[in-house]
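[1] how would this look folded up:
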Amino acid sequence: MNRRESFEADGFVAVSDFCSEAECEALETELSRIIDTQLDTLPPEHVFFEDMTDGASLKQLQQLQTHSPLLGDFMNGRVRELAEELLGELVVPKNLQYFNKAPGQSRATPPHQDGAYFLLEPCRAVTLWLALDAVDEANGCVRYIRASHRAGLRPHARTATLGFSRGITEFGEEDLVNEVKCPAEPGDLLAHHAWTIHRAEANTSPRSRRALGLIFYGESAREDAAAHAAYQKQLAAELTMEGRI
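    Numbering: from 1, shown residues only. As a prediction, the model looks like this:
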């Protein structure tokens, strides 16, 4: 099967060596610049720490394509072409995120579907996940439930995991039977459909687990913009009240 056929059959696909070592170094240099010089200027709802008193616990950055021309160009290059290949239509770039599971400080990522956040009809969207570190079971590799995208959206509820505010309410052994663990090397890329169920364990290793996540909506998808904005506003207010952003 080609990449699109695998994506349609399984709900995800892995692409080895999507970025070269030089490309990864350029991305890391830009991320370091942003983290070292721009964090205080970013909207607080775009910056998540596991512990706000510990700068080393940076967990997630949102909408980086709007804060960096280099990252914006990266999102609109080969990554966008791959998103269009997998969805079979033109796409709209929506979000470039930085993720890290810091050693000794991270929590497990709850089972969820990205479509629960996107509020799209039809749900035509893809997330591409680029590894910046070597990722394995010890530091929290992504785990997909094969073909789970075929069954549509599951019920979700609020979680206590920062950066993943919604999780599937019923997830059990019948899901784990179809779970596929996806270790990755720096430069490897994973792509999954917005309805594909996925999760990750906490980082129990002494190593970091950094990655970029890039979200694209298909042009055929229609977003409930008012509902999405209302949820984001409510979530930001709750996280501020809890002292988490």
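
[2] Low-confidence regions, the chain specifically.
    162-163, 227-232, 234-245 (pLDDT under 70).

[3] Spatially central residue for it, please.
    Closest to where the C-alpha atoms of the chain average out (C-alpha atoms, centre = their mean) is G213, at 4.1 Å.

[4] Just to check, it is in contact with W129?
    Yes: checked against C-beta atoms under 8 Å, the pair G213 and W129 is within contact range at 5.3 Å. Yep, even glycine has a C-beta here, placed from its N, CA and C like the rest.

[5] Going along the chain, name the helices of this protein.
    3-10, 21-37, 69-75, 78-87, 115-118, 173-176, 225-241 (DSSP state H).

[6] How about residues contacting the fifth one?
    The one in question is helix 115-118. 123, 125, 153-154, 156, 165-166, 194-195, 215, 217, 221, 223, 228 (C-beta atoms under 8 Å, 6 or more residues apart in numbering).

[7] Return the subset of the residues you listed lying in strands.
    125, 156, 166, 215, 217, 223 (DSSP state E).

[8] surely the third one meets D114?
    By that I understand R166. No: under the criterion of C-beta under 8 Å, R166 is not in contact with D114, lying 9.6 Å apart.

[9] on that earlier part again, buried deepest among the helices of the chain, which one?
    helix 115-118 (a mean of 21; mean count of other C-beta atoms under 10 Å).

[10] Any idea which of the helices of the chain gets closest to A56?
    helix 21-37 (10.7 Å; C-beta to C-beta).

[11] helices or strands next to the closest one in the packing?
    With contacts taken as 3 or more C-beta pairs under 8 Å, 6 or more residues apart in numbering; DSSP states H and E, helix 21-37 sits against strand 58-61, helix 69-75.

[12] and with 7 Å instead?
    helix 69-75 (3 or more C-beta pairs under 7 Å, 6 or more residues apart in numbering; DSSP states H and E).

[13] tell me the two of the contacts of helix 115-118 that are most distant?
    Longest span within those, C-beta to C-beta: S165 and A221, 20.9 Å.

[14] quick one on the thing from earlier: top of the ones in strands among the contacts of helix 115-118 by neighbour count?
    A125 (25 neighbours; other C-beta atoms under 10 Å).

[15] you'd agree that one is up against A194?
    Yes: look at A125 against A194 with C-beta atoms under 7 Å: they come within range, at 3.9 Å.

[16] Find the residues that touch each one of these two.
    114-115, 118 (C-beta atoms under 7 Å, 6 or more residues apart in numbering).

[17] Show me which of these is closest to R209.
    Distances from R209 to the shared contacts of A125 and A194, taken by C-beta to C-beta, are shortest for D114, at 18.7 Å.

[18] Apart from its neighbours in sequence, what residue is nearest C123?
    With sequence-adjacent residues excluded and distances taken as C-beta to C-beta, 6 or more residues apart in numbering, C123 is closest to G115, at 4.6 Å.

[19] any idea how far G11 is from that neighbour?
    11 Å (C-beta to C-beta, to the nearest Å).

[20] cool, and R33?
    Counting by C-beta to C-beta - R33 and G11 are separated by 35 Å.

[21] repeat for T37
    38 Å.

[22] Number of residues surrounding the nearest residue to H198 once chain neighbours are set aside?
    Once flanking residues are discounted, H198 sits nearest to Y144: 4.9 Å by C-beta to C-beta, 6+ apart. For Y144, the count of nearby residues is 24 (other C-beta under 10 Å).

[23] tell me the contacts of Y144?
    Contacts of Y144 (C-beta under 7 Å, 6+ apart): 11-12, 180, 182, 192, 196, 198.

[24] how about a cut-off of 10 Å?
    10-14, 178-182, 190, 192-193, 196-199 (C-beta atoms under 10 Å, 6 or more residues apart in numbering).

[25] same deal with E201?
    By C-beta under 10 Å, 6+ apart, the contact set of E201 is 101, 106-109, 137-143, 181.
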